[in-house]
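K.L.:
Next comes the sequence, and after it the predicted model I'd like to discuss.
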Amino acid sequence: MAHYKTEQDDWLIIYLKYLLFVFNFFFWVGGAAVLAVGIWTLVEKSGYLSVLASSTFAASAYILIFAGVLVMVTGFLGFGAILREQKGCLSTYFCLLLVIFLVELVAGVLAHVYYQRLSDELKQHLNRTLAENYGQPGATQITASVDRLQQDFKCCGSNSSADWQHSTYILSREAEGRQVPDSCCKTVVARCGQRAHPSNIYKVEGGCLTKLEQFLADHLLLMGAVGIGVACLQICGMVLTCCLHQRLQRHFY
């Protein structure tokens with residue numbers, strides 16, 4: 001009877017090992033996905049950072065990148081722990097899973113908080129940026145960000161091209177008679193902003209506010225979806241790790 005029980009425990013340990021091994025593979029792939037989404041988010045929106053009042057969005061992406069790297073490293077450690085069947089390695093693996101879960105939880109909370117106040121922040125900050133900061137000395141990065149924003153989203157101004165009428169830059173001599181910046185033009189050439197006709201600028205296409213808001217919201221939702229998916233995998237992994245740890249403890253003692 002004791003021999004049968006020992007043999008049953010052996011089969012259960014082998015089953016848990018293979019199950020945890022498969023989980024760890026998907027967990028590692030999930031870590032690569034988290035890392036890729038974090039990097040992609042930063043690369044895609046890097047040109048718009050200067051028009052965002054808060055660094056919360058960037059912080060969420062950096063946390064995802066950190067979590068992705070940690071997941072991939074933990075995945076390699078997990079493979080070693082499973083093959084060696086060492087309780088100490090499994091305990092370390094479990095602790096790392098818990099740490100990663102908490103890191104992703106923080107990123108998720110930050111993304112959710114930023115998503116709730118995204119619209120108000122953009123309305124206040126983008127209007128002020130266009131009116132007060134664009135084209136000013138020492139604001140080269142902001143100017144470049146606004147120019148890229150208008151070209152990428154094929155828009156002009158915050159709500160419409162009329163927003164530029166109140167811009168410090170447009171009212172200054174440096175504008176050289178431009179009614180809108182050259183980046184509002186459908187085909188950008190020197191001083192093309194002097195002619196604010198719908199055939200020349202993005203006038204009927206609307207402002208950049210709603211387009212940028214939708215762009216950021218889509219990225220936040222994607223970040224959240226990937227984070228939740230990996231978090232679910234981690235919960236499964238922690239349960240499997242605990243089961244295998246307990247079985248090994250009973251088997252050897």
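P.N.:
Sure, I can see it.

K.L.:
Skip the chain neighbours and tell me the closest residue to the residue most central in space within the chain.
P.N.:
By CA atoms, centre = their mean, the chain has its centre lying nearest to Ala61, at 3.7 Å. Closest residue to Ala61 apart from its sequence neighbours, by CB to CB, 6 or more residues apart in numbering: Thr41 at 4.4 Å. Where C-beta positions appear, they are placed from N, C-alpha and C, glycine not excepted.

K.L.:
Low-confidence ranges, the protein, go.
P.N.:
Residue ranges of the chain with pLDDT under 70: 1-13, 45-50, 52-57, 82, 85-87, 114, 244-253.

K.L.:
where do the strands sit along it?
P.N.:
Secondary structure of the chain (DSSP state E): no strands located.

K.L.:
Any chance you could list what contacts stretch 179-192?
P.N.:
134-135, 146-148, 150-151, 154, 156-157, 161, 164-165, 169-170, 176-178, 193-196, 199-202 (CB atoms under 8 Å, 6 or more residues apart in numbering).

K.L.:
From start to finish, how long is it in a straight line?
P.N.:
9 Å (CA to CA, to the nearest Å).

K.L.:
buried residues in it?
P.N.:
179-185, 192 (16 or more other CB atoms under 10 Å).

K.L.:
tell me which of those is nearest to Val226?
P.N.:
Ser183 (32.4 Å; CB to CB).

K.L.:
List the contacts of Val69.
P.N.:
With contact taken as CB under 8 Å, 6+ apart, Val69 is in contact with 31, 35.

K.L.:
Could you rerun that using 7 Å?
P.N.:
Contact criterion CB atoms under 7 Å, 6 or more residues apart in numbering gives Leu35 as the residues in contact with Val69.

K.L.:
For Asn127, see how far away it is.
P.N.:
Look at Val69 and Asn127: by CB to CB, to the nearest Å, they are 38 Å apart.
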